[in-house]
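S.K.: below is the sequence, then the predicted model.
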Amino acid sequence: MADSAPTSETVTVSILGKEYRVACADSERAGLQASARLLHERMSRIRTSGTVIGIERIAVMAALNIAHELIQAKAELSSIPLQQEMLDRLKDKVQNALGEIDSEQEAQS
């Protein structure tokens, strides 16, 4: 019987001139590389601003910024079903009102 476990490989990513070797599934390689690029860009921006000194502090600030954006995105996504439900109810009300208008017009004819 063949092993169905996903195969993993070691991927090397570069962040602020340092290379890191990370094990990941073959299917997650592109996502890992994109994540490393995002982190590199954020850390570079923070370092260039000159307001934060030290690679560890820069990493923490970048992580906090990314985590904050993730929380905001999740909050926005969770409100979509509620907004869709409200739109559906409004649509039903408009259709009912139009149906009543059509019924009244037919009765007058």
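M.R.: Structure's in. What do you need?
S.K.: in a helix, that's where Ala67 is, yeah?
M.R.: Yes. Counting by DSSP: H, G, I helix; E, B strand; the rest coil, Ala67 is located in a helix.
S.K.: flag every buried residue along the stretch of helix or strand Thr10 belongs to.
M.R.: Using DSSP states H and E, Thr10 falls within strand 8-15. Neighbour-count burial for strand 8-15, with 16 or more other Cβ atoms under 10 Å as criterion, is recorded at 11, 13, 15. Glycine gets a C-beta too; all of them are placed from N, C-alpha and C.
S.K.: and that strand, average pLDDT?
M.R.: Here strand 8-15 scores 94 as its mean pLDDT.
S.K.: same deal with stretch 36-44?
M.R.: In this model, stretch 36-44 has a mean pLDDT of 96.
S.K.: and stretch 102-109, by the same measure?
M.R.: 72.
S.K.: for that stretch, the distance to its chain's centre please.
M.R.: Remark: stretch 102-109 is offset 51 Å from the chain centroid, using Cα atoms, centre = their mean, to the nearest Å.
S.K.: check stretch 9-28 too.
M.R.: Centroid separation for stretch 9-28 versus its chain: 21 Å, with Cα atoms, centre = their mean.
S.K.: name the SS class of Thr51, please.
M.R.: Assignment for Thr51 (three-state DSSP): coil.
S.K.: quick check: it vs Met43, distance?
M.R.: 13 Å (Cβ to Cβ, to the nearest Å).
S.K.: no further questions, thank you.
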